[in-house]
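Q: when you get a sec, could you give me coordinates for this:
(chains A, B and C)
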Amino acid sequence: MEYQVNGKTIPADEEGYITNLDDWSPELAEEIAKTENIEMDEERWEVVNFLRDYYQEYQIAPAVRVLIKAIKKSMGPEKGNNKYMYELFPYGPAKQACKIAGLPKPTGCV
Amino acid sequence: MLSVIYAILFYVATAILVVGVGMKIRKYARTPAPLKIPTTPAPTTAWGVVLRMFREVVFFESLFKSNKWIWLFGWVFHMSMWLVLIRHIRYFIIEIPGWLSFMQPFGIYASFGMALGLIGLWGRRFLVERIRYISNPSDHLMLALLLTIVISGMLMRFVARPDILSVKAFFLGLLRLRIETLPADPILLVHLTAVATLMIVFPISKLLHAPGVFFSPTRNQIDNPREKRHLAPWAAKLEG
Amino acid sequence: MADGDDLRKMEHPLDIPCLRPGAMEGLEPFIAAPEHQAKLGFPGELVPNWKEKALEKMAELAEKNRAFQVYLDACVKCGACTDKCHYFLGTGDPKNMPVARQDLLRSVYRRYFTFAGKYFPKLVGARELTEEVLHEWYSYYHQCSECRRCSVFCPYGIDTAEITMAAREILDHVGIGQKYSNEIIGKVKDVGNNLGLNPKALRATLEDLEEEIEDDTGISVRLPLDEKGADILLVTPSADFFAEPHIDGLIGYAKVFHETGASWTLSSYASEAANFGLFIGSYENMREISLRIRKAAEDLGVKRIIFGECGHAWRVAYSFLNTLAGPFDFLDQNYPIPQHILEYTWDAIQKGKLKFDKSQNDHIRLTFHDSCNVARASRMGDMPGGQFEIPRNVIRAVCNHFYDMPDETIREATLCCGGGGGLLTDDLMDLRKKGASPRMTALQQVTEEHGVTHMAAICAICKTQFSKVMPVFGYEMDSIVSVHQLVSNAIILTGQETGEDGNEDEDGGA
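A: The predicted structure is shown next:
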């Protein structure tokens, strides 16, 4: 798979996760979101940005619990819960949001 | 001439059966089981395993859990077969002991059990879609062969009796490496040919389930991996 | 991908479908890339002499593994197994009947290694090994979760899982590996767990959880990492550090250890209980992963090893660890080696060391899903069947409302969640939903009869699988819970204030 952003071709694996993490850009995120049928809004950007910051620090996506706790802090308890995360990202905050954030897919029994 | 052919046939068939199955058993016995894989809950002692195996080969416990029709036909067939086989011992010994005489009527009427079981099992191969799908020509042929043996046997018992004393003399002769005269009764010859065929295909067919079940690790292993370390010889070599 | 839209409506969990030949034909999970293969010592792509290599491997396995040898010979096609596989029940594809699945390989074995197959191939259903056959293997041996349900019902104990593992091993050796499993095994070798969670991130996650427990209970409960000299090494699936509801189970283990005053630690080197080496049938890879646990235990100087809630991990631990990484003579021989966390918790409950407020789980009407590898390939406690009783005993100690699903779908006859054996990957989602149908139908029955709202499991794969497929069957995704999550809900820690508001944001979904 691959994405087209600003005339550039960004390679991705079979499931749409980009293969070179440095290829990521906000425009690419919008593009990936589009293929996932997701409209990027403020809340979704908040999640994506948190994921990227966390990844910078720890080289891995955060546990869903950690993500939700962070979102609770910034957006309040009505949005900082698992259900709302799935409203934002129907295929799961861990996998779908990671894809848009340009992070590798979490593997294992998750 | 006929007697010579059948004598050779039975010597060859016996040799193939004994050597073939013996070689298979040796192979099963020598092939290591690298890991503990009993289907649990499993017995935790050797005696428990003996009991489990006993229930498996005498009552077909797993099959009973699985499917009552297959169990019924399969169990009736196998148990009847044992009775019939035991009855046949009389053709290989001179003096008939009391218990064998006692077994005689059971052994005779068990033939109906065998036939019923086989017909039931065969019927399922046609009537049940799933079993029709998994059946190969050889599965049908095996049933045909067994049914040939049973029906020819029943005909000789209930319809057209051959000169049974000569038959007995023939087999007693074979045991003493002498070729006596075998009556040229067509039903008898069909019966004997089918039996010899069964003996010959035994070591190269699914009839290997008979020795195989005793070597099945999911059934014959003791559930004690935490207490006792299990290690295959080839796996031991990995440990430097 | 047909996204499970064609899910069959089942009247009964074991409702037998009509045959639908070809229903799942051609379904193939992603194939491993060369770099994933290399880490496991497998060729990166289909080798030129694949046929020779495949047959060579088959012969080798028949010589090294009695189960494989006997099972290839012993099947009589009686049909007892034909309606026992959840993937068959869910898809109707005849090649998902256990005997038919075995025959995909048995037919080739017969052709090259048996007299009848060499000279009368048509008669006994023997066939040549071709590239199409390899792909058929790849497809249908990745539609088996190695759950062993069929082996319970086979009169000879033929275990399709053994055939599936052998087939995957052969495929790996000719260069066709499954991406999901093989990428993960590579991560365990590189980082220590399936997730690729490094020590720094693991520590941060554990600290976060300690904070959370303290916020919830007012009690400081530790989740120690790499603490030398601890008595107990806890090895748990890395999903327990990451996913929902797994992480609540981890909190439960921590609370139990805290309350029993145990000195325990996790290890960043062996931060994974799962062992996907089992799924791909690779003794060598399974051994290598197991040896990490031994090394961690030695390095940390622990006296005991306890495993968290993970089905196949418990199989590898209980049944194989002693074989693969033993003998464990450096551990305290007064305890089982290894021990299951439920054995530990049940023991503590029996000794009266734990106090519970069962009403904390009153919002839940619960049933229990026996995980296949625990049920049919391991044990807990001293008695056969302890693997069924101990989890239920613990559940009854912490829950007021517990109801079992129909007898023919639990204990040794339990139905797989549909995601085990290396199939818990998004590219098999359609199969996962169909394979879950029998279990979900059984669940729906107890929901109708007893108003069951939640199902507990003791396997990371089951938990993830159910959280994904339950919504398809009309349940909330958090209707699946960890057993130790229930323990965590009900446990009263020493010194804990038992206010009314203790539990409000747990499992609110029901």
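Q: strands of chain A, residue ranges please.
A: A:2-5, A:8-11 (DSSP state E).
Q: from C:C75, how far out is the spatially closest residue to C:G474 that is not a sequence neighbour?
A: Distances taken as Cβ to Cβ, 6 or more residues apart in numbering or on different chains put C:Q444 closest to C:G474, at 7.7 Å, once the chain neighbours are dropped. Where C-beta positions appear, they are placed from N, C-alpha and C, glycine not excepted. When Cβ to Cβ, to the nearest Å is the yardstick, C:Q444 and C:C75 sit 34 Å from each other.
Q: now the spatially most central residue of chain B: how far from C:N373?
A: By Cα atoms, centre = their mean, the mean C-alpha position of chain B lies nearest to B:A210, the distance being 6.0 Å. With distances taken as Cβ to Cβ, B:A210 is found 31 Å from C:N373.
Q: what does B:A115 give?
A: 43 Å.
Q: also C:M58?
A: 25 Å.
Q: one more: C:G26?
A: Taking Cβ to Cβ, one finds C:G26 at 28 Å from C:N373.
Q: buried stuff in the longest helix anywhere in chain A?
A: Counting residues, the longest helix found in chain A (DSSP state H) is helix A:42-58. Residues A:43-48, A:50-52, A:54-55, A:58 are the ones in helix A:42-58 that count as buried (16 or more other Cβ atoms under 10 Å in any protein chain shown).
Q: and of those residues, the nearest to chain C?
A: A:Y58 (3.8 Å; Cβ to the nearest Cβ).
Q: touching, that closest one and C:A204? I think so.
A: Yes: with contact defined as Cβ atoms under 8 Å, A:Y58 counts as touching C:A204 (6.3 Å).
Q: still on that earlier bit, and chain C, is the longest helix of chain A touching that?
A: Yes: against chain C, helix A:42-58 shows contacts by Cβ under 8 Å from any Cβ of the partner chain at A:Y58.
Q: surely C:R294 is within a helix?
A: Yes: under DSSP: H, G, I helix; E, B strand; the rest coil, C:R294 falls within a helix.
Q: OK, contacts around it?
A: Under the criterion of Cβ atoms under 8 Å, 6 or more residues apart in numbering or on different chains, the neighbours of C:R294 are C:325, C:328.
Q: could you check the pLDDT of it?
A: pLDDT, C:R294: 98.
Q: what do you get for the one 4 residues further on?
A: In the prediction, the pLDDT value recorded for C:E298 is 98.
Q: and it, how close does it get to C:P199?
A: From C:E298 to C:P199 the distance is 18 Å (Cβ to Cβ).
Q: how close does the residue nearest to the centre of chain B get to chain A?
A: Distance of B:A210 to chain A, computed by Cβ to the nearest Cβ, to the nearest Å: 42 Å.
Q: can the host helix or strand of that residue be said to contact chain C?
A: Under the criterion of DSSP states H and E, B:A210 resides in helix B:209-212. Yes: if you take Cβ under 8 Å from any Cβ as the test, helix B:209-212 does meet chain C, through B:209, B:212.
Q: now the helix or strand just after that helix: mean pLDDT?
A: Per DSSP H and E, helix B:209-212 leads on to helix B:217-220 as the next helix or strand towards the C-terminus. The average pLDDT within helix B:217-220 is 98.
Q: residues contacting helix B:217-220, please?
A: Contacts of helix B:217-220 (Cβ under 8 Å, 6+ apart): B:33, B:37-39, B:49, B:52-53, B:56, B:213-214, C:66-67, C:70, C:148, C:151, C:156-159.
Q: does the residue in the stretch 151-300 of chain C that chain A sits nearest to count as helix, strand or coil?
A: Residue of the stretch 151-300 of chain C nearest chain A, by Cβ to the nearest Cβ: C:N194 (3.1 Å). What three-state DSSP gives for C:N194 is coil.
Q: skipping its backbone neighbours, what lies nearest B:T39 in space?
A: B:T218 (4.3 Å).
Q: how much space separates the one you found from chain A?
A: From B:T218 to chain A the distance is 26 Å (Cβ to the nearest Cβ).
Q: distance check, that residue against B:I37.
A: Distance from B:T218 to B:I37, by Cβ to Cβ: 6 Å.
Q: what residues are shared contacts of those two?
A: C:67, C:159.
Q: mind listing what the nearest residue to C:D382 once chain neighbours are set aside touches?
A: Among residues not flanking C:D382 along the chain, B:T44 sits closest, at 8.0 Å (Cβ to Cβ, 6+ apart). Contact analysis of B:T44 by Cβ under 8 Å, 6+ apart lists B:222-224, C:382, C:384.
Q: next one: C:T494
A: C:T494 neighbours (Cβ under 8 Å, 6+ apart): C:219, C:259.
Q: can I assume it sits in a helix?
A: No: per three-state DSSP, C:T494 lies outside any helix segment and is coil.
Q: ok, now how distant is it from chain B?
A: Applying Cβ to the nearest Cβ to C:T494 and chain B gives a distance of 32 Å.
Q: what confidence value was assigned to that residue?
A: Predicted confidence (pLDDT) for C:T494: 94.
Q: rewinding a little: and C:G26 and C:N373? which has more neighbours close in?
A: C:N373 (31 against 8; other Cβ atoms under 10 Å in any protein chain shown).
Q: neighbours of residue 82, how many?
A: Looking at chain A here, since you left the chain open. With other Cβ under 10 Å as criterion, A:N82 counts 21.
Q: to clarify, I was referring to chain B.
A: Applying other Cβ under 10 Å, I find that B:W82 has 13 neighbouring residues.
Q: that one belongs to a helix?
A: Yes: judged by three-state DSSP, B:W82 forms part of a helix.
Q: give me every residue that touches it.
A: Counting by Cβ under 8 Å, 6+ apart, there are no residues that B:W82 touches.
Q: do you know how far it is from chain A?
A: Distance from B:W82 to chain A, by Cβ to the nearest Cβ: 49 Å.
Q: would you confirm that C:I390 contacts C:E343?
A: Yes: contact criterion Cβ under 8 Å: C:I390 and C:E343 qualify, at 6.3 Å.
Q: any shared contact partners between the two?
A: C:380-381.
Q: and the nearest residue to C:N400 once chain neighbours are set aside, how many neighbours?
A: In this structure, C:N400 finds its nearest non-sequential neighbour in C:K358, 5.2 Å apart by Cβ to Cβ, 6+ apart. Look at C:K358: counted by other Cβ under 10 Å, it has 15 neighbours.
Q: can you pull the pLDDT of B:L174?
A: pLDDT, B:L174: 96.
Q: so how far is C:F242 from the closest residue to C:I247 other than its chain neighbours?
A: Nearest residue to C:I247 in three dimensions, chain neighbours excluded: A:R65, at 5.2 Å (Cβ to Cβ, 6+ apart). Separation of A:R65 from C:F242 (Cβ to Cβ) stands at 8 Å.
Q: which one's more surrounded, those two?
A: Using other Cβ under 10 Å as the criterion, A:R65 and C:F242 rank with C:F242 on top: 31 against 22.
Q: wouldn't the more buried one be in contact with A:V64 here?
A: Yes: taking Cβ under 8 Å as the definition, C:F242 is a contact partner of A:V64 at 7.1 Å.
Q: so what sits against both of the two?
A: In contact with both C:F242 and A:V64: A:A94, using Cβ under 8 Å, 6+ apart.
Q: what's the neighbour count on whatever residue of chain A ends up closest to chain C?
A: Chain A approaches chain C most closely through A:G108 (3.1 Å), counting by Cβ to the nearest Cβ. A:G108 has 27 neighbours, counted by other Cβ under 10 Å.
Q: that one against C:E183, yeah?
A: No: distance between A:G108 and C:E183: 9.9 Å, which falls outside the contact criterion (Cβ under 8 Å).
Q: what sits against residue 90?
A: Using chain A here. Contacts of A:P90 by Cβ under 8 Å, 6+ apart are A:Q96.
Q: hm, I was asking about chain C
A: Here C:G90 is in contact with C:7-8, C:418, C:433-438 (Cβ under 8 Å, 6+ apart).
Q: thanks a lot, catch you later.
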